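Colleague: quick one, what's the 3D model for this:
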Amino acid sequence: MRLLYVVLALLFFTSCKKDKDSCINTSPWYQKDVHLTFVNTLPGLADNIQFYVTRIDKSRVVSIDDIGAFAPVGCLQICGKKMYKASTQEYTDLQLLYDLDGNIGDKWVVETEAFGTKTVETITLKEKNISVTVPYGTFNTTLLEIIGARDYPYSYYFYVTEDHGPIRLTGQRGLDINLELINRNF
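Modeller: Purely as a prediction, here's the structure:
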């Protein structure tokens, strides 16, 4: 179950090597002290999950969630309409998490290691300009598909916007999930 939260956190907040000092985070939804709250509309997970941005250094941030021990679960870097993730706060292994300027059909692989287990995910930019309504409002989103395996195969659809951030995550990993944005502090 913890893997699911790690995957969600990595998705909500970001194989390419980047110069970690060349980008500045201008995204309004991924700054220091931002809080995002999601409701799970299906049984099986916590009713609400919150993500917090706890550290920022130019374009780099660390996010945590309110599940478990508040351990860092996302070391991310935003560069324009791209988000990268790293395994540690040293940011030495940045990998592309998503590219909102990409083309429909673009695919890339993200390799992560959490709790001593390696996970490989294939991310595909599926569609752009999709209207999505969640409890917080209606948004024009980009749709990403994430397919991976750890204990068993899983797949998610991730709806995100450049200016409002993550809006919805739906999919299946042993159980169905549907996380929808219900609140934010920006």
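
Colleague: can we go C-alpha only for contacts and neighbour counts from here?
Modeller: Noted.

Colleague: so F139 is in contact with Y159, correct?
Modeller: No - counting by Cα atoms under 8 Å, F139 stays clear of Y159, with 9.4 Å between them.

Colleague: between these two, which one's more packed in?
Modeller: Y159 (25 against 18; other Cα atoms under 10 Å).

Colleague: residue ranges of the strands in this structure, please?
Modeller: For the chain, the strands defined by DSSP state E cover 35-40, 48-57, 60-65, 72-79, 82-86, 95-99, 107-114, 117-134, 137-149, 153-161, 165-172, 176-184.

Colleague: I24 is nearest to which of the ones you listed?
Modeller: Among these, strand 72-79 comes nearest to I24, with 6.3 Å by Cα to Cα.

Colleague: who are the packing partners of that closest one?
Modeller: Where contact means 3 or more Cα pairs under 8 Å, 6 or more residues apart in numbering; DSSP states H and E, strand 72-79 is packed against helix 2-13, strand 60-65, strand 82-86.

Colleague: within its sheet, name the partner strands of it and how each one runs.
Modeller: Neighbouring strands of strand 72-79 in its sheet, by DSSP bridges, are strand 60-65 (antiparallel), strand 82-86 (antiparallel).

Colleague: would you single out the least confident of the ones you listed?
Modeller: Looking at these, the lowest mean pLDDT belongs to strand 60-65 (a mean of 73).
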